[in-house]
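Student: let me see the structure of the following:
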Amino acid sequence: MIKKQSFEASLKELEEIVREMESGNLSLEDALKKYETGIKQAKYCDDFLNTAERKIIMLAKDNDGNIKEEIFKDDI
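Tutor: Predicted coordinates for the structure are as follows:
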């Protein structure tokens with residue numbers, strides 16, 4: 001389970017994991033652990049962005065073709 005942290009902290013941790021794995025200096029066991037943690041961080045970031053996207057005010061056209069703002073309703 002990923003500990004609660006900000007999106008930015010999660011993304012920074014994910015970037016660090018990628019750098020470490022790309023270095024080629026990790027044992028197979030350590031690389032697998034980093035990979036697992038990286039996948040969890042990537043999912044957390046993806047979920048966070050999807051949630052944020054659902055909360056964004058979007059522009060929509062009304063029946064007359066006029067642009068209006070409306071809150072995107074979260075169906076979840």
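Student: what are the buried residues along the one helix or strand residue 34 maps to?
Tutor: Assigned by DSSP states H and E, residue 34 belongs to helix 28-55. Residues of helix 28-55 classed as buried: 34, 38, 41, 44, 45 (neighbour count, 16 or more other CB atoms under 10 Å). For every residue, glycine as well, the C-beta is placed using N, CA and C.
Student: got JSON lines for the residues you listed, with pLDDT and distance to residue 26 too?
Tutor: Below are those laid out as JSON lines (pLDDT from 0 to 100; distance: CB to CB, whole Å):
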{"residue": "34", "pLDDT": "97", "distance to residue 26": "6"}
{"residue": "38", "pLDDT": "96", "distance to residue 26": "12"}
{"residue": "41", "pLDDT": "96", "distance to residue 26": "16"}
{"residue": "44", "pLDDT": "95", "distance to residue 26": "22"}
{"residue": "45", "pLDDT": "95", "distance to residue 26": "22"}
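Student: out of these, flag the one nearest to residue 14.
Tutor: residue 41 (4.2 Å; CB to CB).
Student: for burial, what's the neighbour tally of the residue nearest to that closest one when sequence neighbours are not counted?
Tutor: Spatial nearest neighbour of residue 41, chain neighbours left out: residue 14 (4.2 Å); criterion: CB to CB, 6 or more residues apart in numbering. Using other CB atoms under 10 Å, residue 14 has 18 neighbouring residues.
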